[in-house]
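Participant: Would you be able to build a 3D model of this:
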Amino acid sequence: MSGQRQPLIAISPWRRSLPTFVHPHNDLYTIDPEYIDGIERAGGLAALVGFARDVDGAVAQLSRFDGLLLSGGDDIDPAGYGAPVDGAVGMSPDSDRSDAAYVAAAFQLGLPVLGICRGVQSINVALGGTLLQHIWGSSDHHPDRLASPDEVANADDLLARRHPVELEPGSLVAKLFQADVISVNSLHHQSVDTVADDLVVTGRAPDGIVEVVEHKSERLLGVQWHPERLANATHDVVFEWLVREASGQ
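Facilitator: This is a model prediction of the structure:
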């Protein structure tokens, strides 16, 4: 990357069927604008990339970018880590394969990677780890989603939940937040179980659920919560880290 241009960050999409004026079930690539806002506040530019079919395709896609953000989305198909379905829902094997290809491509190209929610799960599975398929109701820190007939109230309750995350002293994430404990939201249905060999857990909820992973040698950070959904500038530090690494600083 030359000159003073803003680093360009690739964001993986959530592909899903949504109603439009064309058809009630249109297959669309989507992304919450808060991801892009977070990158832009940190001084970068962001662009959505489509699914990659293989690592070569992912390398071709990422060759024009300076960093990668793996976003949230559907549950991961447990077939990808050799397990039967036991709680996973709304799976997208194409998305799983694409995320794994992008992780491998980012490593080949030496790009920094930030994984958010599903993104950290994708990273763990891509590197050989496994997942807990259904954690809702597993503890007070990860309660079951309320079965309310009011979908808006149900969603608002989910978005409003907070729980602490204890950070490993001296870790990258502890240095970014300049804290040993932070407060986060809880929107995830799955979480990391067996941790991939190349990853280190640097943050956990009090019930033991993995909330942060870092790579032993690559520039990679994965957080289980949604920092883009927290109206708190403190959580912008993860986007600032990605943009700073992408700019070569």
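Participant: all contacts plus neighbour counts: C-alpha atoms, from now on.
Facilitator: OK.
Participant: Please, where are all the strands along this protein?
Facilitator: Across the chain, reading from the start of the chain, the strands by DSSP state E fall at 8-11, 14-18, 26-30, 45-48, 67-70, 113-116, 131-132, 163-167, 181-184, 191-192, 199-204, 210-215, 220-223.
Participant: can I get those in TSV with mean pLDDT?
Facilitator: Conversion of these to TSV gives the following (pLDDT from 0 to 100):
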stretch	mean pLDDT
strand 8-11	98
strand 14-18	83
strand 26-30	88
strand 45-48	97
strand 67-70	98
strand 113-116	98
strand 131-132	94
strand 163-167	95
strand 181-184	96
strand 191-192	92
strand 199-204	98
strand 210-215	97
strand 220-223	98
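Participant: all helices for this protein, in order.
Facilitator: Using DSSP state H, the helices found in the chain span residues 33-41, 55-62, 93-109, 118-126, 151-160, 172-177, 237-246.
Participant: And the contacts of the last one?
Facilitator: Read that as helix 237-246. The contact list for helix 237-246, computed with Cα atoms under 8 Å, 6 or more residues apart in numbering, reads 7-9, 38-39, 42-44, 66-67, 111-114, 176-177, 219, 227.
Participant: Equivalent analysis for the longest one, please.
Facilitator: In this structure, residues lying in contact with helix 93-109 by Cα under 8 Å, 6+ apart are 12, 14-15, 51-56, 58-59, 62-63, 67-68, 70, 76-77, 80, 112-113, 119, 122-123, 125-126, 218.
Participant: wait, residue 229 sits on residue 34?
Facilitator: Yes: Residue 229 sits in contact with residue 34 when judged by Cα atoms under 8 Å, with a separation of 6.9 Å.
Participant: that older thread, which of the contacts of helix 93-109 are buried?
Facilitator: The neighbour-count criterion (16 or more other Cα atoms under 10 Å) marks 12, 14-15, 51-55, 58-59, 62, 67-68, 70, 76-77, 80, 112-113, 119, 122-123, 125-126 among the contacts of helix 93-109 as buried.
Participant: low pLDDT regions in this structure?
Facilitator: Scanning the chain for pLDDT under 70 picks out the ranges 1-3, 135-153.
Participant: got the contact list for the most centrally placed residue in it?
Facilitator: Per Cα atoms, centre = their mean, the C-alpha nearest to the average position across the chain is that of residue 116, at 1.9 Å. By Cα under 8 Å, 6+ apart, the residues touching residue 116 are 69-72, 222-227.
Participant: if we take those residues, which one ends up nearest to residue 164?
Facilitator: Distance from residue 164 was checked for each of the contacts of residue 116 by Cα to Cα. The minimum falls on residue 225, at 10.9 Å.
Participant: Tell me, how many residues neighbour the closest one?
Facilitator: The tally of other residues near residue 225 (other Cα atoms under 10 Å) stands at 24.
Participant: Is residue 192 bridged to anything, and to what?
Facilitator: On the basis of DSSP bridges, residue 192 takes part in beta bridges with residue 131.
Participant: bridging residues for residue 165?
Facilitator: The residues paired with residue 165 through beta bridges, assigned by DSSP bridges, are residue 182.
Participant: contacting residues around it?
Facilitator: With contacts defined as Cα under 8 Å, 6+ apart, the neighbours of residue 165 are 181-184, 203-206, 211.
Participant: Show me which of those residues is closest to residue 154.
Facilitator: residue 184 (18.3 Å).
Participant: That closest one touches residue 162, doesn't it?
Facilitator: Yes: applying Cα under 8 Å as the test, residue 184 and residue 162 come out as touching, 5.2 Å apart.
Participant: higher neighbour count, those two?
Facilitator: Neighbour count, other Cα under 10 Å: between residue 184 and residue 162, residue 184 has more, with 21 against 17.
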